[in-house]
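# heads up, no residue letters with this:
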C-alpha cells in the first residue's frame, strides 16, 4: 500500500439553500501523511472529507488525488476508503468476512479473500479473532476491524470521520497509538476528522484548524499549539487565558496591549500596529503564581485534581477568568482565602488580531 497526495484546488461547497459549508479552500495533504482537520461541530470539516471521498461534489474548484482530477468520479471509482463514526460492521458476518467484504464485491475468490483478511487482521493485532462475530469484540477491537476492512481494498487515502468518538477515554487514548502505528506501517495517507484537540495533537503530522467553513491555520502540532495565528486557533487548540484590549505600543517582536485588567506585553507575530484591537493569549501552563513581567491579582475559585496535575481557576476583581495548570508536586500552594499575584512572561504570550474565539476552561469553570 502506498499513499497519494490530496489537493483541494479552490474548493467551495454551497448547498441548494444557499448555505456555504466550505468557503474557497486550497489545501495540500502530502502522500503518506497523517493529516487531521480539527474544528467544532458544523465547521465544514466532514463536508471536506465527503468531497474528497466523492459523496459531495464541489460547487467550485477540484479535488485531485495523486495528481488526477476526481471530478465526476463516484466513491467507488476513487482510491479512497471512508470509515464512519458508527463503523457499519455487519453483525451476523464473521470478522474475516467483514474485512473481506469489499474484495467479494470485486469478485476476488474466497480463498484469496480469507488470506488477505487474515493478513490485515494480523496487521491490526486481531489475528486470533477472524471467526468471531463483531458483537463478541470490544469497542477497540471493532474499531480495528473497520480499519482492516477499509485497508482491504488497498486505498491510497484513508478517510476517518471521528472514528473514536464513541469510545471511552482510556480506549480512545489507546486507539490513538494504534491508529498512528497502523498508518506508519502501511504508508497510506490518513485524513482524520475530529473536534478533539487531544486526538489531533497526539497523532498528526500536520493539523488544519477549521472554523465556520474556513481553514484558519495549518501546521505541525507543536506549531499550531505554540504559535497560533488567529484568535480562534489560539482559543480552540488547548486552553488559553485571554485578555482583550487595544495595542498601545509595539517594538520589534513584542506588542503592549491595554486591557480592562491591566497592561501586558506579548509576542506580536502578525505585526499589529498601535491602535489595533487585539487579544492577548497565554497558556495555563505558562501562567504561574508569583511575580512576572506581566502580573495581576486574582482569587482562587476552584481547584481540580487530575492526578499528576492540578488545575487552578481564579478570578480577578475586574472579572478576568484565569486558569493555571501546575504539576502536583505541592510546590504551588494557593489558598482559598485572599488575593494572590499571578504572572507570566511576554515571550510565553501572544497578541493576535481580535476575532471569534472558542470557550476556555476558565470560562466554563466560572459558570
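Noted; the coordinates are in hand. If you're wondering where the values come from, they're calculated on a predicted model, not measured in any experiment. Numbers count the residues shown, from 1 in each chain.
# Adjacent strands (with direction) for the helix or strand where residue 26 lies?
Counting by DSSP states H and E, the element that carries residue 26 is strand 20-29. Here strand 20-29 has these sheet partners by DSSP bridges: strand 6-14 (antiparallel).
# Give me the buried positions along the strand it pairs with.
Buried residues in strand 6-14, counted by 16 or more other C-beta atoms under 10 Å: 6-9, 11-13. Bear in mind the C-beta positions are built from the backbone N, C-alpha and C, glycine included.
# what's near enough to touch the nearest residue to residue 94 once chain neighbours are set aside?
Spatial nearest neighbour of residue 94, excluding adjacent residues (C-beta to C-beta, 6 or more residues apart in numbering): residue 131 at 5.3 Å. Contact analysis of residue 131 by C-beta atoms under 8 Å, 6 or more residues apart in numbering lists 94-96.
# Tell me if I'm right that residue 264 and residue 294 touch.
Yes: counting by C-beta atoms under 8 Å, residue 264 does reach residue 294; the two are 4.4 Å apart.
# anything in contact with each of these two?
346, 349.
# Model confidence for residue 149, exactly?
Residue 149 is assigned a predicted lDDT (pLDDT) of 88.
# Please identify the buried residues of the helix or strand harbouring it?
Residue 149 belongs to helix 139-152 when assigned by DSSP H and E. Neighbour-count burial for helix 139-152, with 16+ other C-beta under 10 Å as criterion, is recorded at 140-152.
# Format those as JSON lines; extra columns: distance to residue 327.
Shown next, in JSON lines, are the buried residues of helix 139-152 (distance: C-beta to C-beta, whole Å):
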{"residue": "140", "distance to residue 327": "30"}
{"residue": "141", "distance to residue 327": "35"}
{"residue": "142", "distance to residue 327": "37"}
{"residue": "143", "distance to residue 327": "33"}
{"residue": "144", "distance to residue 327": "35"}
{"residue": "145", "distance to residue 327": "39"}
{"residue": "146", "distance to residue 327": "38"}
{"residue": "147", "distance to residue 327": "36"}
{"residue": "148", "distance to residue 327": "40"}
{"residue": "149", "distance to residue 327": "43"}
{"residue": "150", "distance to residue 327": "40"}
{"residue": "151", "distance to residue 327": "41"}
{"residue": "152", "distance to residue 327": "45"}
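# so where is the stretch 201-350 of the chain shaky, pLDDT-wise?
291, 330-338 (pLDDT under 70).
# show me where it has strands.
For the stretch 201-350 of the chain, strands defined by DSSP state E, counting those that start in this stretch occupy the ranges 206-211, 214-219, 241-251, 254-259, 262-267, 277-282, 288-289, 294-306, 309-315, 321-327, 340-344, 349-353.
# Adding mean neighbour count and distance to residue 164, write those out as CSV.
Below are the strands of the stretch 201-350 of the chain laid out as CSV (neighbours: other C-beta atoms under 10 Å; distance: least, C-beta to C-beta, whole Å):
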stretch, mean neighbour count, distance to residue 164
strand 206-211, 24, 16
strand 214-219, 20, 22
strand 241-251, 18, 29
strand 254-259, 21, 38
strand 262-267, 20, 34
strand 277-282, 24, 28
strand 288-289, 19, 33
strand 294-306, 16, 20
strand 309-315, 20, 23
strand 321-327, 21, 24
strand 340-344, 19, 34
strand 349-353, 24, 30
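# need those strands in JSON lines with distance to residue 61, can you?
Shown next, in JSON lines, are those (distance: least, C-beta to C-beta, whole Å):
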{"stretch": "strand 206-211", "distance to residue 61": "16"}
{"stretch": "strand 214-219", "distance to residue 61": "14"}
{"stretch": "strand 241-251", "distance to residue 61": "34"}
{"stretch": "strand 254-259", "distance to residue 61": "36"}
{"stretch": "strand 262-267", "distance to residue 61": "35"}
{"stretch": "strand 277-282", "distance to residue 61": "32"}
{"stretch": "strand 288-289", "distance to residue 61": "47"}
{"stretch": "strand 294-306", "distance to residue 61": "44"}
{"stretch": "strand 309-315", "distance to residue 61": "43"}
{"stretch": "strand 321-327", "distance to residue 61": "40"}
{"stretch": "strand 340-344", "distance to residue 61": "42"}
{"stretch": "strand 349-353", "distance to residue 61": "27"}
